[in-house]
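A.B. asks: Here is a sequence together with a model predicted from it:
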Amino acid sequence: MALVTGASSGIGAEYARRLAARGWHTVLVARRGPRLDELAHRLRKETGTTVETLVADLSAPGDLTRVTERAAAGDIAFLVNSAGINGYGPFAELEPGLMTKVIDVNVTALTTLTRAAVPGMLEHGHGTIVNVASQIAFAGSLPPHPLPHRAIYAGTKGYVLTFTRTLASELSGTPLRVQALAPGLVDTEFHLSRGLEPVREHDTPARPLGGIPATKVVEASLAALDAGEVVCVPGLPGHDPIERLVEAEVAIRRSSRAAGGSVPTQGARSRQA
């Protein structure tokens, strides 16, 4: 079974379609029940697969508990943590409730579901985890305009990137595949809402918002999984920038050791063993 969060639109919905087309039975999670039901009906009809739906707001403790229990059932072999909200806005003006919600969805839920699924994957000897980060994880020092005010969102996506890379290194001797997917602007509904409420049906744009199509993002992710790449940045020509990032991290740790520390100098893995 594959469990996909944020499955009502965008990258999550596209991953659900691709996995069902490959014969995966799926568990689809999102806040918008009608959207989930529509997608589930279409996937059952087109692929003959089993599709479960879980209507859940991953920032709500009770809903997260329900989804976590499903992820921990032992039959989830592919986990896509695609659910995310942005909470864009100047930090000093950000509503405390929205700030907490962004962290709960982007960090807490993703981490909790990953922890729930990994033991079963290890027990069965196979499994895949895709955590959706963002190119904004690499944009912390850049000013807004044209980028959004994004301190909380960028911070959460920086966490997703570091958490996933570190977990991939920890699990490199196992059969599990772990990936941080870091797209740039994607042509989805994501920017139509700051996240307090789901995008309403009549807010859905009649024409593309711009950016890379979600189909291309998922194609890149799947190809990177096959290539054993832990960090996938769709549209990035080659893997050299990621390798240079790893080299810079190693150099920073070596400088600490040279100054008298005892930090190990083994580099972070950008590709799986």
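C.D. replies: Right, received. Where do you want to start? Numbering: from 1, shown residues only.
A.B. asks: buried stuff in stretch 82-95?
C.D. replies: 82-89, 94 (16 or more other Cβ atoms under 10 Å). All C-beta spots, glycine's among them, are computed from the backbone N, C-alpha and C.
A.B. asks: what comes into contact with that stretch?
C.D. replies: The contact list for stretch 82-95, computed with Cβ atoms under 8 Å, 6 or more residues apart in numbering, reads 4-7, 10-12, 15, 29-30, 58, 98-99, 101-102, 105-106, 109-110, 130, 132, 148-153, 156, 190-191, 193-196.
A.B. asks: Can I get the buried part of the residues you listed as one PyMOL selection?
C.D. replies: What follows is the PyMOL syntax for the buried subset of the contacts of stretch 82-95, where burial is set by 16+ other Cβ under 10 Å:
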select buried, resi 4+5+6+7+10+11+12+15+29+30+58+98+101+102+105+106+109+110+130+132+148+149+150+151+152+153+156+190+191+194+195
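A.B. asks: Among the contacts of stretch 82-95, which are located in helices?
C.D. replies: Among the contacts of stretch 82-95, the subset assigned to helices under DSSP state H consists of 10-12, 15, 98-99, 101-102, 110, 151-153, 156.
A.B. asks: show me where the stretch 151-273 of the chain has strands.
C.D. replies: 176-181, 231-232 (DSSP state E, counting those that start in this stretch).
A.B. asks: residue ranges with poor pLDDT in the stretch 151-273 of the chain?
C.D. replies: Scanning the stretch 151-273 of the chain for pLDDT under 70 picks out 187-210, 259-273.
A.B. asks: ok, now with 80
C.D. replies: The stretch 151-273 of the chain contains residues with pLDDT under 80 at 187-210, 256-273.
A.B. asks: Could you state which residue of the chain sits nearest its centroid?
C.D. replies: Nearest to the mean C-alpha position of the chain, counting by Cα atoms, centre = their mean, stands residue 132 at 1.8 Å.
A.B. asks: got the buried residues for stretch 56-70?
C.D. replies: Taking 16+ other Cβ under 10 Å as the criterion, stretch 56-70 shows 56-59, 63-64, 67-68, 70 as buried.
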